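1. heads up, no residue letters with this:
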């Protein structure tokens, strides 16, 4: 059985050492002349979604603060792999940034032939943390986690929807199966919207989605929220417990963060980190994060590298257990 609590193993430390080394052992260039031209921000998602909206808010704030235009360039596709590959192969000068989710650390496990490696990307900062919600259609006769587990065992498994194969949502379901001894069956959808439509209609019995999608539907009675995947309960879903209260250490979080090309001078990475962390104090960004049920983070490059290394190992194990492959 997979240990669902996060432990730093030798393999994780190896990944962490690579990620930290990427921005600490860099060329001798300095940040005093940076930036002197426009910066391109690759948003690894299609226009109109939460990633795009937040990325554009950051771009506006950084344009004002840096005195140079930050241009948003949407590069969706491949679960964020297209955008990550673009930045991984850019010049290491800080003029191309990647705004992405933790799919960037899952993709190499889903597809060994993906067009980038983590050692080609340098962490800048994790900006937000998005817990997920385990919900059921109102016709499913459960209101608590123990009831959900008991019903799933009685029926030999429930079907659950996610936003796609290899998504954090799907792998959360894999982890729940593993720690609770369940045989729930994954039903992938092409995004969070179609998955929620399926859950509301009763096409699937259970769904794993973001707080942003779950809260309005739960309040309207269209779905029933059973648990959240963060270590602690959320104020936006009063009375809904964390899975960690039943399975200690259970913690699957969808995060947003900034990366750039490996080899970018450490002084430029540090400058970008300061600007991104400052942008978190923008009222518009704080409001967008709050509406999405997210917590602002704003950590250091080294701290973000540690998060990436831990997630790389955690999700690699879950991908192997699930047998998931890139679409």
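-> Yes, it's here. Given the structure is predicted, the values throughout are model-derived calculations rather than measurements.
2. what about the strands in the stretch 201-327 of the chain?
-> 206-210, 224-228, 253-261, 295-296 (DSSP state E, counting those that start in this stretch).
3. as CSV, the ones you listed with distance to residue 196 would be great.
-> (Each C-beta comes from the backbone N, C-alpha and C, glycine too.) Below are these laid out as CSV (distance: least, CB to CB, whole Å):
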stretch, distance to residue 196
strand 206-210, 6
strand 224-228, 12
strand 253-261, 15
strand 295-296, 22
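4. how about those, which one is nearest residue 39?
-> Residue 39 lies closest to strand 253-261 among the strands of the stretch 201-327 of the chain, at 9.8 Å (CB to CB).
5. helices or strands up against that closest one?
-> Applying 3 or more CB pairs under 8 Å, 6 or more residues apart in numbering; DSSP states H and E, we find strand 253-261 packed against helix 81-88, strand 96-101, strand 121-136, helix 168-180, helix 266-279, helix 301-322.
6. make it 7 Å
-> If you count contacts as 3 or more CB pairs under 7 Å, 6 or more residues apart in numbering; DSSP states H and E, strand 253-261 packs onto helix 81-88, strand 96-101, strand 121-136, helix 266-279.
7. packing partners for the next helix or strand after the third one?
-> So the one you mean is strand 121-136. Using DSSP states H and E, the helix or strand that directly follows strand 121-136 along the chain is helix 145-155. Other helices and strands packing on helix 145-155, by 3+ CB pairs under 7 Å, 6+ apart, are strand 224-228.
8. need the contact list for the closest residue to residue 130 other than its chain neighbours.
-> Nearest non-adjacent residue to residue 130, counting by CB to CB, 6 or more residues apart in numbering: residue 254, 4.2 Å away. Residue 254 makes contacts with 101, 102, 130, 132, 168, 210, as judged by CB atoms under 7 Å, 6 or more residues apart in numbering.
9. let me know the distance separating the nearest residue to the fifth one once chain neighbours are set aside from residue 147.
-> Put plainly, it is residue 168. Of all residues not flanking residue 168 in the chain, residue 254 sits nearest, at 4.8 Å (CB to CB, 6+ apart). Counting by CB to CB, to the nearest Å, the separation of residue 254 from residue 147 is 26 Å.
10. what's the answer for residue 101, then?
-> From residue 101 to residue 147 the distance is 31 Å (CB to CB).
11. which one of the two has more residues nearby?
-> Taking neighbours as other CB atoms under 10 Å, residue 101 and residue 147 compare with residue 101 leading, 21 against 14.
12. let me know whether the more buried one touches residue 80 as I believe.
-> Yes. In this structure, residue 101 is within contact of residue 80 by CB atoms under 7 Å, at 6.2 Å.
13. ok so, going back, closest to residue 43 out of the helices and strands packed on strand 253-261?
-> strand 96-101 (4.9 Å).
14. what strands line up against that closest one, and which way round?
-> strand 39-43 (parallel), strand 253-261 (antiparallel) (DSSP bridges).
15. which residues touch that strand?
-> For strand 96-101, the external contacting residues (CB under 7 Å, 6+ apart) are 39-44, 51, 55, 58, 80, 83-84, 87, 90, 121, 254-261.
16. hmm, who's touching stretch 138-153?
-> Under CB under 7 Å, 6+ apart, the answer for stretch 138-153 is 136, 158, 180, 182, 184, 202, 205, 221, 223-224, 226-227, 241, 243, 246.
17. out of the residues you listed, who's nearest residue 233?
-> residue 241 (5.8 Å).
18. contacting residues around the closest one?
-> 145, 227, 233.
19. residues touching the last one, list them.
-> Spelled out, that is residue 233. Taking CB under 7 Å, 6+ apart as the test, what residue 233 contacts is 240, 241, 242.
20. specify the beta-bridge partners of the last one.
-> Residue 242 has these beta-bridge partners by DSSP bridges: residue 228.
21. make 36 the first number, not 1, from now on.
-> I'll keep to 36 as the first residue from here, and by that count the last item is residue 277.
22. for stretch 325-340, buried residues please.
-> By neighbour count with 16 or more other CB atoms under 10 Å, stretch 325-340 contains the buried residues 327, 328, 329, 331, 332, 333, 334, 335, 336, 339, 340.
23. next: stretch 274-291.
-> For stretch 274-291, by 16+ other CB under 10 Å, it's 275-279, 281-282, 285-291.
24. now distance to residue 143 and pLDDT too, for these, in JSON lines please.
-> Shown next, in JSON lines, are these (distance: CB to CB, whole Å; pLDDT from 0 to 100):
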{"residue": "275", "distance to residue 143": "33", "pLDDT": "96"}
{"residue": "276", "distance to residue 143": "33", "pLDDT": "97"}
{"residue": "277", "distance to residue 143": "29", "pLDDT": "97"}
{"residue": "278", "distance to residue 143": "26", "pLDDT": "97"}
{"residue": "279", "distance to residue 143": "27", "pLDDT": "97"}
{"residue": "281", "distance to residue 143": "31", "pLDDT": "97"}
{"residue": "282", "distance to residue 143": "27", "pLDDT": "97"}
{"residue": "285", "distance to residue 143": "24", "pLDDT": "96"}
{"residue": "286", "distance to residue 143": "21", "pLDDT": "93"}
{"residue": "287", "distance to residue 143": "18", "pLDDT": "94"}
{"residue": "288", "distance to residue 143": "19", "pLDDT": "90"}
{"residue": "289", "distance to residue 143": "18", "pLDDT": "91"}
{"residue": "290", "distance to residue 143": "17", "pLDDT": "94"}
{"residue": "291", "distance to residue 143": "19", "pLDDT": "94"}
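25. sweet, I'm off.
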